[in-house]
Structures are given as C-alpha cells and as structure tokens.
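Asker: Build me a structure from this.
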Amino acid sequence: MKPPVIVILTETSIPVARQIQIALPEAALYGLESRTQSADFTYANFGETVREFFQTGTPIIGICAAGILIRTLAPLLTNKWQEPPVLAIAEDGSAVVPLLGGLQGVNDLARQIAELLQVSPAITTTGDIRFRTALLSPPSGYQLVNPDDAKTFISDLLAGAKVKLIGEADWLQNSQLAISPEGNLTIEIIEKNNLELAKPSPDRLVYQFDGRNLVSVGDLETRFLSQGKLAIVGTGPGAINWMSPEVRELLEKATDWVGYKTYLDLVESLRKPEIVRHESDNRVELDRAEMALDLAAQGRSVVLVSSGDPGIYAMASAVFEVLEKKAKPEWEAIDIQVCPGISAMQAAAASVGAPLGHDFCAISLSDILKSWEVISQRIELAAKADLAIAFYNPVSKQRTWQLEKAKEILLQWRSPQTPVILAHNLGRKGQTVTVKLLEQLAVEDADMRTVILIGSSKTRIIQQGEKKQWVYTPRHY
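Answerer: This is a model prediction of the structure:
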C-alpha cells in the first residue's frame with residue numbers, strides 16, 4: 001500500500017499532524033496554501049486534492065471534520081474492495097474516526113494513531129470489536145481467497161457460530177474468535193503453492209499464505225513483508241494522451257520509478273512527491289533491470305519505464321534476461337507484470353494512414369547486440385518476402401552507414417517508388433512525419449528518435465481531396 005498523506009486545512013492542525021508523523025514517518029503533510037505556512041506540501045483545492053489521492057489508492061488522514069471528508073468522497077464510493085483507508089482526526093487529537101477502507105486495514109491504522117494520541121479509536125466495525133481481528137483485512141503475507149463468502153461467514157460468527165481453524169496463524173489464534181475443533185465453520189490457512197487443494201465455500205474461508213515472505217526478526221517476533229511488485233510499462237511514444245489507463249494508474253501508485261532519464265522526464269508530471277525516481281543512462285539496460293528487481297524484492301511497488309511498448313526493443317526482455325541469468329532467491333516472490341504501450345511503429349503508421357495494414361516485420365539497425373551480417377540477412381529476407389518493414393534505431397552519432405546499406409539491399413527487391421515514412425519525435429515536442437520514396441531516403445533524414453516504415457510492393461500513396469495525403473497497404477494481396 002502507498003504511504004499515507006495527512007491533509008490539513010489550518011495551521012492549528014500542525015501539532016497533531018506532526019505527532020502522527022512520528023508514528024508514520026513516511027506520511028507527507030499537505031496543507032491548504034491560503035491557511036497554512038509550515039506543511040510539507042501545499043494544495044489549492046481541498047476537494048480536488050482529496051479525491052485525487054483517493055482515486056490513486058493513497059491512504060488519507062484528514063485532520064478535519066468527518067463530514068467534510070464524507071461529502072467530498074461520497075460520489076466516488078463504488079467498490080469497497082478498492083477503497084484506501086480514510087480517517088478523520090479531530091483538530092485537537094481528541095477523536096480518531098475510521099471512515100473508509102475497512103478491507104484495507106483502516107481500523108489497524110486508526111488504533112495505531114489513537115494509541116499515539118492516547119485516545120480510543122471510534123471503530124464501529126462489529127467484527128473488529130467483537131473478535132479483535134479483521135477477517136476481511138488480514139495481515140501482510142495473507143490473502144483472503146474467497147472474499148465474496150465473508151459477509152455470510154461473519155454474520156454466522158456474530159450469531160454465535162464456532163469456527164474450526166486448519167493451519168497456523170498467530171493473528172487468528174490470538175483473536176477472540178470462538179475457535180473450536182467442533183466448529184461448524186472453518187478457516188483454512190494454505191500455502192500459495194498448494195492453493196489448488198483449497199476448497200473455499202460460504203462456510204469455509206481460505207487464506208492464501210506466502211511462506212517465502214516470512215522473515216525472522218531476532219528472538220522477539222516474526223513478521224511478514226508485503227510482496228514486492230514490478231510493473232514493466234510502456235508509456236507510448238511520448239504524449240500523455242497515448243498512455244493506457246493501466247500504465248497511468250501504476251505510475252501514480254508506485255513507490256519507485258526506474259528508467260532512462262529521458263523516458264522518466266516524459267511522465268514526470270504524474271509523479272507524486274513520495275515516489276522515488278531512479279534514473280540512469282540509456283546504455284545500462286541490464287543494470288537498470290537488476291536495480292528494479294532488487295527494489296521490488298524489498299517489498300516496494302516498482303515501475304520500470306519504457307517508451308513505446310516495453311516488449312518491443314525495450315526493457316521487458318532485459319528484465320527477463322537478468323531474471324534468468326542471475327536468479328537471486330529474493331526475486332522469486334516478486335509479482336511481475338508487463339503492461340503494453342503504443343509502439344513507435346504503430347504511432348508512425350497511424351499518423352499517415354495504414355502502411356502496416358498487411359503483413360509486416362520490425363528490424364533494428366543497431367549492431368550493438370547483433371552483427372550487421374545478421375541484420376543485412378534479415379533485411380534481404382524481408383525484402384524478398386515483400387513485407388512492409390519498420391526500421392528501429394536507424395542512425396546514431398557513431399553509426400551512420402547502416403541505413404544506406406539497408407537502402408541498397410531493399411532496392412534489389414523493391415521499387416525505387418516504394419513509399420517510405422520517416423516519423424521523428426513522435427508524441428513529443430518537435431514531432432515531424434515525412435513521406436518520401438525509397439530512392440529519396442538519405443542518412444540525414446533519420447536519427448535514434450526516428451522510426452522508418454518501408455512499404456511493400458502493394459503499399460500506395462493516395463489523396464483525399466487536394467490537401468490530405470494518406471499511405472496504406474491493401475488487405476488484399
């Protein structure tokens with residue numbers, strides 16, 4: 001879960017806010033800019049700020065009236081399973097009221113703050129009060145497999161039913177649940193790798209337990225670390241409006257961003273103050289991938305940022321290469337996901353019509369990771385097969401001759417009149433898209449921020465009226 005934020009309206013709330021930060025040092029303090037002077041960060045509009053934090057899954061501690069928070073967030077309350085913790089704290093610290101996020105540990109957070117302020121938390125959740133545990137919000141390391149069955153299950157417990165416990169879990173054994181070997185309800189604890197043996201039902205709650213996250217801390221306690229996450233994302237060619245909602249949400253909810261400086265700069269406007277940015281040079285992909293895995297192994301929520309699509313000449317392959325070659329034991333429990341983005345060749349094609357409307361391939365002209373012999377062979381085979389071709393990495397400062405050689409190979413099999421699209425800085429400042437013929441293609445036309453599309457023998461240039469020109473490859477062949 002993301003670190004919480006403390007939101008205040010007046011300077012008089014600062015003493016209580018600073019007390020809370022003693023218990024929650026990662027919590028950032030936000031104050032209304034017109035009424036506060038010493039907050040960590042300021043905001044202009046209370047409603048917009050609180051709603052934005054809520055929608056990005058950030059726990060909210062509001063030192064204000066409960067009614068203000070309720071009215072602000074009421075329109076957003078659609079799914080209790082996804083609501084982050086929201087608490088209202090009295091300005092003088094005399095009351096701690098958990099409002100939302102019962103499934104995300106809000107009552108535990110309320111108890112922690114109330115203990116610091118030496119008051120009783122206003123917890124109204126019947127199960128928490130009666131049983132001194134939250135069955136819907138288990139500790140880190142445990143996950144309820146069948147939450148849809150929990151409402152009836154808890155109702156039966158509150159009506160006096162006894163429960164049989166299968167497996168070991170201190171947080172349940174130390175609770176006030178009516179645990180009995182003869183219980184007609186069952187709670188089962190099962191390890192993640194044995195989950196297929198579980199039989200969840202309305203009278204049987206099953207908790208998945210990941211034993212690999214168990215860490216011993218001296219002789220005093222045993223605690224569970226939350227599972228680290230690594231999302232390898234593609235932000236598209238550059239423009240924010242080309243980014244998928246999934247990628248945007250992951251960026252906003254992360255604890256850490258890792259990536260090439262230029263790519264991180266493209267999404268910097270989305271970075272919250274608490275998100276740590278780890279930037280590096282573009283030529284250290286494997287080191288960057290290892291850093292991201294190591295951060296995730298610490299239980300952090302890491303986003304590894306690529307432009308375009310992460311699986312096309314980008315960081316997804318680098319991560320899995322490092323994962324295979326180094327295979328550190330602490331990486332085994334990381335939750336890894338790859339999130340697609342609009343690739344440069346897709347954006348380039350869309351800007352002029354549909355030049356990739358039939359069979360096509362993509363070839364990188366960089367000979368850093370493969371020889372020119374391999375590259376030239378692939379160009380020749382693609383030309384022979386009459387595929388449309390997307391050239392990535394066509395020209396760099398140190399590598400200027402490959403594009404001319406590629407043109408020579410293509411002209412052996414392709415007409416000099418073949419349409420060529422040169423798309424530079426797609427989605428970014430200085431974007432240009434030019435349509436030429438193959439015989440006109442020159443090294444000066446491209447650099448490393450250019451993607452080149454070479455048409456097939458069927459690719460056509462057409463006019464729409466007098467001003468608009470389109471390029472497309474027919475679906476028929």
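
Asker: tell me the domain ranges of this structure?
Answerer: 5-124, 142-224, 229-342, 345-472 (automatic domain parsing).

Asker: among the ones you listed, which gets the worst mean confidence?
Answerer: Lowest mean pLDDT within these: domain 142-224, at a mean of 75.

Asker: can you give me the helices in this structure?
Answerer: 14-23, 46-55, 66-73, 106-117, 126-131, 150-158, 170-173, 245-253, 261-266, 285-297, 315-326, 344-352, 372-384, 402-411 (DSSP state H).

Asker: So for residue 164, which of those helices sits nearest?
Answerer: helix 170-173 (11.3 Å; Cβ to Cβ). C-beta coordinates here come from the backbone N, C-alpha and C atoms, glycine included.

Asker: From the contact counts, what lies against the closest one?
Answerer: Of the remaining helices and strands, none touches helix 170-173 by 3 or more Cβ pairs under 8 Å, 6 or more residues apart in numbering; DSSP states H and E.

Asker: Report the buried residues of that helix.
Answerer: Counting neighbours by 16 or more other Cβ atoms under 10 Å, one finds that the buried residues in helix 170-173 are residue 172.

Asker: just stretch 258-268 next, same as before
Answerer: So for stretch 258-268, counting by 16+ other Cβ under 10 Å, buried means 258, 259, 260, 263, 264, 266, 267.

Asker: Among those residues, which pair sits farthest apart?
Answerer: Spatially, the most separated pair among the buried residues of stretch 258-268 is 258 and 266, at 14.2 Å (Cβ to Cβ).

Asker: Next, the contact list for the residue located most distally from the centre of the chain, please.
Answerer: Farthest-out residue of the chain from its mean C-alpha position, per Cα atoms, centre = their mean: residue 412, at 46.0 Å. Residues in contact with residue 412 (Cβ atoms under 8 Å, 6 or more residues apart in numbering) are 380, 383.

Asker: Next, give phi and psi for it.
Answerer: Backbone geometry at residue 412, expressed as degrees, to the nearest 10, gives phi -70, psi -20.

Asker: ok, it to residue 371 distance?
Answerer: Here the criterion is Cβ to Cβ, to the nearest Å. By it, residue 412 lies 20 Å from residue 371.

Asker: what's the answer for residue 147, then?
Answerer: In terms of Cβ to Cβ, residue 147 sits 54 Å off from residue 371.

Asker: Same check on residue 37?
Answerer: Noted for residue 37: a distance of 63 Å to residue 371, by Cβ to Cβ.

Asker: Could you do residue 436 as well?
Answerer: 28 Å.

Asker: got it, and residue 429?
Answerer: Taking Cβ to Cβ, one finds residue 429 at 35 Å from residue 371.

Asker: Who has more neighbours out of those two?
Answerer: residue 371 (9 against 6; other Cβ atoms under 10 Å).

Asker: Over to that one: give its phi and psi.
Answerer: According to degrees, to the nearest 10, residue 371 has phi -80, psi 160.

Asker: Pull up the gap between it and residue 363, please.
Answerer: 13 Å.

Asker: which residues does the residue nearest to residue 391 when sequence neighbours are not counted bridge with?
Answerer: With sequence-adjacent residues excluded and distances taken as Cβ to Cβ, 6 or more residues apart in numbering, residue 391 is closest to residue 452, at 4.1 Å. Taking DSSP bridges as the rule, residue 452 bridges to residue 391, residue 422.

Asker: Residue 391 reaches residue 445, doesn't it?
Answerer: No: using Cβ atoms under 8 Å, residue 391 is not in contact with residue 445; the gap is 11.2 Å.

Asker: neighbour-wise, which of the two wins?
Answerer: A direct count of neighbours by other Cβ under 10 Å for residue 391 and residue 445 places residue 391 higher, at 25 against 17.

Asker: What distance do you get for the more buried one to residue 446?
Answerer: 8 Å.

Asker: Residue 178 now?
Answerer: Residue 178 is 73 Å from residue 446, by Cβ to Cβ.

Asker: Which one's more surrounded, those two?
Answerer: Each of residue 178 and residue 446 has its neighbours counted (other Cβ under 10 Å); residue 446 has more, 22 against 14.

Asker: first to last residue in stretch 264-277, what's the distance?
Answerer: As for stretch 264-277, its first-to-last residue distance stands at 8 Å under the measure Cα to Cα, to the nearest Å.

Asker: Adding distance to residue 135, write the domains of the chain out as JSON lines.
Answerer: What follows is these, written out as JSON lines (distance: least, Cβ to Cβ, whole Å):
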{"stretch": "domain 5-124", "distance to residue 135": "10"}
{"stretch": "domain 142-224", "distance to residue 135": "6"}
{"stretch": "domain 229-342", "distance to residue 135": "23"}
{"stretch": "domain 345-472", "distance to residue 135": "46"}
